[in-house]
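[1] Let's see this in three dimensions:
(chains A and B)
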Amino acid sequence: MRGAKSAKWVAGAIVVALAATACGSGSDEGKSGGEGGSGGAFSMNIAEPKRLVPQAATESGGSQVLSGLFTPLVEFDAQNQPVLAAAESIESTDNKVWTIKLKDATWHDGTPVTAKDYVGAWNWGAYGPNAADGNYFFGTIQGYDEMNPVDPDGDEGPKKAPEPSAKELSGLKAVDDKTIEVTLKAPFAGYKSVLGYTVFYPMPQSALTDIKAYEEAPIGQGPFQMDGKWEHDKAVKVKAYADYKLGEKPKVDAVEFRIYQDQNTAYNDLLANNLDVVDQIPTEVMGTAPSELGDRFKSSEASTFQFVAFPTYDKKFSDPRVRKAISMAIDRDEIIKVVFQNSQSSADAFVSPVVGGYREGACGDACKFNPTEAKKLLAEAGGIEGNKINIGHNADGGHEQWINATCDQLKKNLGIDCVGQAVPKFAELLKQVEEKKFSGMFRLGWIMDYPSMENYLGPLFSTDGSSNYYGYSNKDFDRLVQEGREAKTEAEAITKWQAAEDILVKDMPVIPLRFGKNVFGHSTNVKNVEMNLFNQVELTKVEKA
Amino acid sequence: MGRYVLRRLLQMVPVIIGTTFLVFALVTEMGGDPVQNLYGERPVPESIRVALTAQYHLDDPLPVRYGYYVSGLLQGDFGTSLSGSRPISEMIADAWPETLKVAGIAFVFEMVVGVAAGVLAGMRRGKFLDNLVLLSTLTVIAVPIFVLGQTAQIFLGVKAGIFPVSGTNEGFMSYLLPGLVLGSVSLAYIARLARASVAENLRMDYVRTAKAKGLSPTRITGVHVLRNSLIPVVTFLGADLGTLMGGAIVTERIFNIPGVGYNLFKAIQIEDGPALVGFVTLLVLVYVVMALVVDLLYAVLDPRIRYA
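    Coordinates of the predicted model:
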């Protein structure tokens, strides 16, 4: 009897549950229908932005929101070449003094955008004490050093860095309302491309008096304007700006940037059609996502470059043949297939395919998997000291799996012992490398700041490069990179840089491993979702389906 | 009673000073580089390192830094967070209500369902209901909360569409599923505690006496047994409320609730000392107050317990 009774209860519960389900899906349909109509709105995921000040937003969440609120001076076409956007013209006769003429535009509050708004914003970003993340982008402009004095005796010394002696860049002038003149420290042919980045957006002069208040609801000159204030940890809402004149108007009326703590949650919302765009499919679901999303599963090229570096102080790796042998013993395609579910691609050069001047297979045989050649080369070089190597990585970056897979391949293909060595945080790994305490190779990654070969070669491999942590130094290489910067034309510059890249192929200071991809997805409510080479969703192109 | 409460409140002062100092010291002594953590894998420009170091007194010795912190705290200033440089008091004001909503639902759920299930199971020991309660609570205890949360999200949120998948946009419904998930583990403990306690009390002499006097079974269990059985449960509930209000890192992350747990997680990740100390101070306060409330409740439940 008791059994029969509980069976009845179960049946009842199922009926209730089914009824509730029906209600649920019913109301969902109603909702998406309501959002449609003319233009409509769509939602996408972001991480909580650190700042919403253009000069201080270099991370993905903030720059994605700002890309809707602002229009850059230049944008990039399908071949990743700069095309004018907010600028009427950008010209230079000597690649050192650049004259930027602005198109007519208005701020979201209706006032006209002037050259002074650019100059004020850039000066704010370049001024050291403002601690803007994008500060270093202004380092090529004259007068930067006076605004960012260096600690005379290093971090450890007792002396403190002196107060900056200037508050404005001496190389930056507003000639008239519509003309900006930028004087660089040294000629740079590719400067036009640099100007496409977030930090070169203007800010209205009123913003600078109270930057904290400004960033709660930034006023820009872009296709979208803020709809209310930044709801911290929850959302940023923007709506189309009716008087937008600087380019194509958006196809939708509004965008909601929803702030997610976890990509997996965002992906679940996408599956339930509660969220329209996810800009990065989490690796955990990469295996199932293509079938779950079908043709709404998308990928495009990104600028990320992952590599393993050899510290020059570690004598174990001083023979380039050893470095080459290790590179040739790694089966990149296999690791990408198994560990990354094809969400990245094998690196065959020292610069990403998204920049002009990239040559397919520039790295040559050194980046091709060839275990027999690798073994021969290593034997020629007399093997590796101790027959054992380490690969260092930061434990908070999720690198363990591919590092271990790489080690397994090296063990198998070279017959040497290999151990992945985790250091808790990236900062700690860097510190150990800087103090020359870390022995072994270590992983690094790079995301470009502006689409140019120079942005890979300069910071990563020149002697005084900002991210050259491993101490690679080659005078010929430095000279070629500098000659490229000073070249009269882009084509001439690229020739120089390609010659520089060839030196890297010979020297193998690092092992190129993988190029990144944007792997993203969208709901059935939208179409035309594209991502650009700055890992941002192209907001003005998205349409309601 | 009044004096007792006062004494307990005064005891909170050294506890709070001690814990804030401890957390502060731990974050400092972690030896990490908070400025580099902010920048991820990008190089930190020298001028910015200098500016941030000065702003947050990063190169001063620990006692000096703690001094700055306490003097700010005494003026009601929790400081500013390293990430995004928001005032921490503002972050707490935003995060706290979110956590309270989830915690409230979890608390009501675990208390009502947990006590009811436990009492019923205790009264019908060895019967079907008892076994059902024991088995289901064992399952809940055994399954890690992130599995529970993700499973609930995928099946009830994504597949069935009964609950919103994540976020806080749909009012009460947004908080319901995270609340139920969060409360489920404690519920299991409470049910088991209440069951054992009721079963034990049912065998006591006073119950036999009450029966002999001819009291109705409802009055015996409803008034006498229940009141005596609830002391361990109340102890657990009090401590649990403190834990719940401290935010749930895992649950808040799965359901994207921008609460205390989320902020703690972020602060730990980048070694954001000021934010971490601010939130932990708050947690300590809540915990100490809850412990006091529980102690006072004992006296209500059991008149033999008196405080002076």
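[2] so A:Lys103 touches A:Ser89, yeah?
    No: using C-beta atoms under 8 Å, A:Lys103 and A:Ser89 do not qualify as a contacting pair, with a distance of 9.5 Å. (Glycine included, C-beta is placed from N, CA and C.)
[3] more neighbours, those two?
    In this view A:Lys103 and A:Ser89 are compared by other C-beta atoms under 10 Å in any protein chain shown, and A:Lys103 has more residues nearby, 18 against 11.
[4] Enumerate the residues of the stretch 101-250 of chain B near chain A.
    B:128, B:150, B:153-154, B:157-158, B:160-162, B:164-168 (C-beta under 8 Å from any C-beta of the partner chain).
[5] of all the residues you listed, which comes closest to chain A?
    When those are ranked by distance to chain A (C-beta to the nearest C-beta), B:Gly161 comes first, at 3.6 Å.
[6] so is the residue of the stretch 401-545 of chain A found nearest chain B in a helix, a strand, or just coil?
    The nearest approach of the stretch 401-545 of chain A to chain B comes at A:Ala427, 3.4 Å away (C-beta to the nearest C-beta). Using DSSP: H, G, I helix; E, B strand; the rest coil, the secondary structure recorded for A:Ala427 is helix.
[7] and it, how many neighbours does it have?
    For A:Ala427, using other C-beta under 10 Å, the count is 24.
[8] Which residue is the nearest non-sequential neighbour of it?
    Across the structure, with C-beta to C-beta, 6 or more residues apart in numbering or on different chains as the measure, the residue nearest A:Ala427 apart from its sequence neighbours is B:Gln36 (3.4 Å).
[9] which regions of the chain lie under the pLDDT threshold?
    All of this is about chain A. Residues of chain A meeting the criterion pLDDT under 70: A:1-38, A:151-161.
[10] oops, chain B please
    Within chain B, the segments meeting pLDDT under 70 span B:31-32, B:84, B:307-308.
[11] Which helix in it has the most residues?
    When chain B is parsed with DSSP state H, its longest helix is helix B:88-123.
[12] residue ranges of the helices in chain B, please?
    Counting by DSSP H, chain B has helices at residues B:2-29, B:34-39, B:46-55, B:62-74, B:88-123, B:128-142, B:145-152, B:172-202, B:205-213, B:217-219, B:226-245, B:249-254, B:260-269, B:273-301.
[13] In a markdown table: the ones you listed, plus distance to B:Ser81.
    As requested, these are arranged in a markdown table below (distance: least, C-beta to C-beta, whole Å):
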| stretch | distance to B:Ser81 |
| --- | --- |
| helix B:2-29 | 13 |
| helix B:34-39 | 10 |
| helix B:46-55 | 12 |
| helix B:62-74 | 13 |
| helix B:88-123 | 6 |
| helix B:128-142 | 36 |
| helix B:145-152 | 26 |
| helix B:172-202 | 24 |
| helix B:205-213 | 56 |
| helix B:217-219 | 55 |
| helix B:226-245 | 21 |
| helix B:249-254 | 17 |
| helix B:260-269 | 8 |
| helix B:273-301 | 4 |
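[14] Of all those helices, which one comes closest to A:Leu184?
    A:Leu184 sits nearest to helix B:46-55 of all the helices of chain B, at 18.9 Å, using C-beta to C-beta.
[15] do that closest one and chain A meet at all?
    Yes: residues of helix B:46-55 are located near chain A by C-beta under 8 Å from any C-beta, namely B:46-52, B:54-55.
[16] ok, now stretch B:16-28?
    No: no part of stretch B:16-28 sits near chain A under the criterion C-beta under 8 Å from any C-beta; the closest distance found is 13.5 Å.
[17] Distance from the chain centre to that stretch, please.
    Here the centre of stretch B:16-28 is set off from its chain's centre by 20 Å, with C-alpha atoms, centre = their mean, to the nearest Å.
[18] in it, what's buried?
    Using 16 or more other C-beta atoms under 10 Å in any protein chain shown as the test for burial, stretch B:16-28 gives B:19-21, B:23-25, B:27-28.
[19] Repeat that for stretch A:62-78.
    Buried residues in stretch A:62-78, counting neighbours by 16+ other C-beta under 10 Å, are found at A:62-76.
[20] Among these, name the ones in helices.
    When DSSP H defines the helices, the subset of the buried residues of stretch A:62-78 inside them is A:62-69.
[21] where do the helices sit along the stretch 401-545 of chain A?
    Taking DSSP state H, counting those that start in this stretch as the test, the helices found in the stretch 401-545 of chain A are A:426-434, A:454-461, A:475-486, A:490-507.
[22] Output those helices in a markdown table, with distance to A:Tyr260 appended to each entry.
    Listed next are the helices of the stretch 401-545 of chain A as a markdown table, based on distance: least, C-beta to C-beta, whole Å:
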| stretch | distance to A:Tyr260 |
| --- | --- |
| helix A:426-434 | 23 |
| helix A:454-461 | 29 |
| helix A:475-486 | 40 |
| helix A:490-507 | 38 |
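[23] For A:Ile211, find the nearest of those.
    Ranking these by their distance to A:Ile211 (criterion: C-beta to C-beta) puts helix A:426-434 first, at 26.8 Å.
[24] that older thread, and which of the residues of helix B:46-55 next to chain A is nearest A:Arg443?
    Of all the residues of helix B:46-55 next to chain A, the one with the least separation from A:Arg443 (C-beta to C-beta) is B:Arg49, at 23.6 Å.
[25] Excluding sequence neighbours, find me the nearest residue to the closest one.
    Nearest in space to B:Arg49, with sequence neighbours left out and distances taken as C-beta to C-beta, 6+ apart, is B:Val35 at 5.4 Å.
[26] Next, the contact list for residue 79, please.
    Going with chain A. If a contact means C-beta atoms under 8 Å, 6 or more residues apart in numbering or on different chains, then A:Gln79 has A:Gly356 as its contacts.
[27] not quite, I wanted chain B
    Neighbour list for B:Gly79: B:69, B:72, B:87-88, B:274, B:278 [criterion: C-beta under 8 Å, 6+ apart].
[28] So which of the residues you listed reach chain A?
    Applying C-beta under 8 Å from any C-beta to those, none is adjacent to chain A.
[29] and those residues, which are buried?
    Restricting the contacts of B:Gly79 to buried positions leaves B:69, B:87-88, B:274, B:278, with burial counted as 16+ other C-beta under 10 Å.
[30] Between all of these, which two are separated the most?
    Within the buried ones among the contacts of B:Gly79, B:Tyr69 and B:Pro87 form the most distant pair, 14.0 Å apart (C-beta to C-beta).
[31] Any idea which residue is closest to the centre of chain A?
    Taking C-alpha atoms, centre = their mean as the criterion, A:Ile447 is the residue nearest the geometric centre of chain A, at 4.4 Å.
[32] before we move on, the earlier item: could I get the residues of helix B:46-55 next to chain A as CSV with neighbour count?
    Listed next are those as CSV, based on neighbours: other C-beta atoms under 10 Å in any protein chain shown:
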residue, neighbour count
B:Glu46, 18
B:Ser47, 27
B:Ile48, 23
B:Arg49, 20
B:Val50, 24
B:Ala51, 21
B:Leu52, 18
B:Ala54, 15
B:Gln55, 13
